[in-house]
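# Just the structure for this:
(one chain, ligands or ions: 1)
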Amino acid sequence: MKILICYFSGTGNTQRVVYKFKEALCEKGAEVDVYRIESNEMNFNLDDYDKVGIAYPVHAFNAPAIVLDFAKKLPELKYTKPLFILNTSGEPLKLNNISSIKLKKILGRKNYDLTNEYHYVMPYNIIFRHTDKMAYDMWETAQKVIPIDAEELLSGKTAELDKVLFGSLLAFIFRVEHWGGRFNGKRYKVNENCCHCNACTRMCPTHNITVENGELKFGKNCIMCMRCSFFCKENAIKIGLFEKWKVNGPYTFEKPKVEEENKHKNYCKKSYIKYFANCEEKIKKYENLKKQNFQEESVFDEEEVAEKV
Ligand SMILES: Cc1cc2nc3c(=O)[nH]c(=O)nc-3n(C[C@H](O)[C@H](O)[C@H](O)COP(=O)(O)O)c2cc1C
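The predicted model follows:
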């Protein structure tokens, strides 16, 4: 089976998930190509693939604008093709499941048939910084669940995420973020810590940061992916109205030697507990099934051997 995964990732979480998913699919014998949406190259031929995947981080309970624009550019298909979605988000609220509604609509009209959708909780790149322990737990969990999901995808079994009531309307309202991002992006500034390394100008997925007369200029095409401020080594970029929510510096995803205090331990507490518990249950169920299959196969082999003897 040949699979194409097209993804956008602002600060690397979704990219991690995509490559782990690719690894899991390849281990099961699939051939997988990965396409970076921001490259804008559209250098693939969909006829070459049996399934298409789209992966993105949830932005204000929606897919980021760059992902919807990409979906609009995808060609209309003559015959239906299975589509799957992978998304990551900072909190495990069910509300995040509405993020794919618009994408499904755009692509459904062009004969892409959404059959499977998988969601992984990964650390926040805005609002607040998750503790290193939480980031480690999230990634450890995702790494265990992804191979199960990949196997399910290949088996042809469908998987849908539960949506909330009035999901389409809510997603429509929250899509104000697409417009708000452009408005807010113009208000980005750098402080005196800026060392003019120009890493932000090189990294920006929409080429929205330019240098004019030695000064950084933020244009009107910001998609609020946070890449510039998140990876700024000098923490010099002020993100307009959302400065208080800024998260600076990548997560290591390693198990911390000393556990720091979790200042947000009550934030969405029940949802996180439920998310980890559900994942744990899924992993156990899968392991038990594998064990059972293995035992059945062994019994079968013994019978076969006995017969031959
Ligand atoms: C502008 C913006 C909006 C976001 N909105 C949500 C949200 O609605 N729900 C959520 O759980 N996480 C939200 N997040 C957090 C990201 O979805 C999460 O950290 C994701 O894993 C980042 O993936 P990336 O590193 O691939 O960009 C938002 C992040 C940004 C930058």
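# got a list of what residue 152 touches?
Contacts here follow CB atoms under 8 Å, 6 or more residues apart in numbering; on that basis residue 152 touches 116, 159. For the C-beta atoms, the positions are set from N, CA and C on the backbone; glycine is no exception.
# Flag every buried residue along the helix or strand containing it.
Here residue 152, judged by DSSP states H and E, is contained in helix 132-155. Using 16 or more other CB atoms under 10 Å as the test for burial, helix 132-155 gives 132, 134-139, 141-143, 145-150, 153-154.
# who touches residue 161 in this structure?
Neighbouring residues of residue 161 by CB under 8 Å, 6+ apart: 97, 100, 117-119.
# Out of the residues you listed, who's the most crowded?
residue 100 (27 neighbours; other CB atoms under 10 Å).
# Tell me how far that one lies from the ligand.
Residue 100 is 13 Å from the ligand, where distance means CB to the nearest ligand atom, to the nearest Å.
# residues in contact with the helix or strand that the helix holding residue 152 is followed by?
Following helix 132-155 in sequence order, the next helix or strand is helix 167-174 (DSSP H and E). By CB under 8 Å, 6+ apart, the list of residues contacting helix 167-174 from outside reads 60-62, 95, 97-99, 101-102, 164.
# just to revisit the earlier point, now, which of the contacts of residue 161 lie within helices?
Using DSSP state H, no member of the contacts of residue 161 sits in helices.
# To which secondary structure element type does the nearest residue to residue 71 once chain neighbours are set aside belong?
The shortest distance from residue 71 to any residue other than its chain neighbours is 4.5 Å, reached at residue 106 (CB to CB, 6 or more residues apart in numbering). Of the three states, residue 106 takes helix according to DSSP: H, G, I helix; E, B strand; the rest coil.
# Tell me the confidence at residue 106?
Per-residue pLDDT puts residue 106 at 98.
# Poorly predicted segments of the protein, please.
Applying pLDDT under 70 to the chain flags residues 300-306, 308-309.
# ok, 80 please
Across the chain, the stretches falling below the confidence threshold (pLDDT under 80) are 297-309.
# So which residues of it form helices?
13-27, 65-73, 101-108, 132-155, 167-174, 176-185, 199-203, 227-231, 269-308.
# tell me the most buried of those?
Comparing the helices of the chain by mean neighbour count (mean count of other CB atoms under 10 Å), helix 227-231 comes out on top with a mean of 22.
# chain center to it: distance?
Distance of helix 227-231 from its chain centroid, counting by CA atoms, centre = their mean, to the nearest Å, is 17 Å.
# what helices or strands is that helix leaning on?
helix 199-203, strand 237-238 (3 or more CB pairs under 8 Å, 6 or more residues apart in numbering; DSSP states H and E).
# repeat that for 7 Å
helix 199-203 (3 or more CB pairs under 7 Å, 6 or more residues apart in numbering; DSSP states H and E).
# The helix it packs on - contacts with which helices or strands?
Going by 3+ CB pairs under 7 Å, 6+ apart, helix 199-203 lies up against strand 209-212, helix 227-231.
# what comes into contact with it?
Contacting residues not belonging to helix 199-203 are listed as 209-211, 227-228, 231-232, 237 [CB atoms under 7 Å, 6 or more residues apart in numbering].
# Mind putting those into TSV with distance to the ligand?
Formatted as TSV, the contacts of helix 199-203 follow (distance: CB to the nearest ligand atom, whole Å):
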residue	distance to the ligand
209	16
210	21
211	24
227	8
228	11
231	11
232	15
237	13
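# In CSV, list these along with distance to residue 125.
Shown next, in CSV, are the contacts of helix 199-203 (distance: CB to CB, whole Å):
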residue, distance to residue 125
209, 17
210, 23
211, 25
227, 9
228, 11
231, 10
232, 13
237, 13
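# can you tell me which residues contact whatever residue of the stretch 151-300 of the chain ends up closest to the ligand?
The nearest approach of the stretch 151-300 of the chain to the ligand comes at residue 224, 3.9 Å away (CB to the nearest ligand atom). Taking CB under 7 Å, 6+ apart as the contact definition, residue 224 lies against 59, 177, 181, 184-185.
# do residue 295 as well
Here residue 295 is in contact with no residue (CB under 7 Å, 6+ apart).
# how does the protein divide up, domain by domain?
Domain segmentation of the chain under automatic domain parsing yields 2-166, 173-245.
# how about those domains, which one is nearest residue 284?
Residue 284 lies closest to domain 2-166 among the domains of the chain, at 10.3 Å (CB to CB).
# so which of the contacts of residue 224 are also by the ligand?
residue 59 (CB under 6 Å from any ligand atom).
# and of the contacts of residue 224, the nearest to residue 19?
residue 59 (20.8 Å).
# how deep is that closest one tucked in, by neighbour count?
Neighbour tally, residue 59, other CB under 10 Å: 25.
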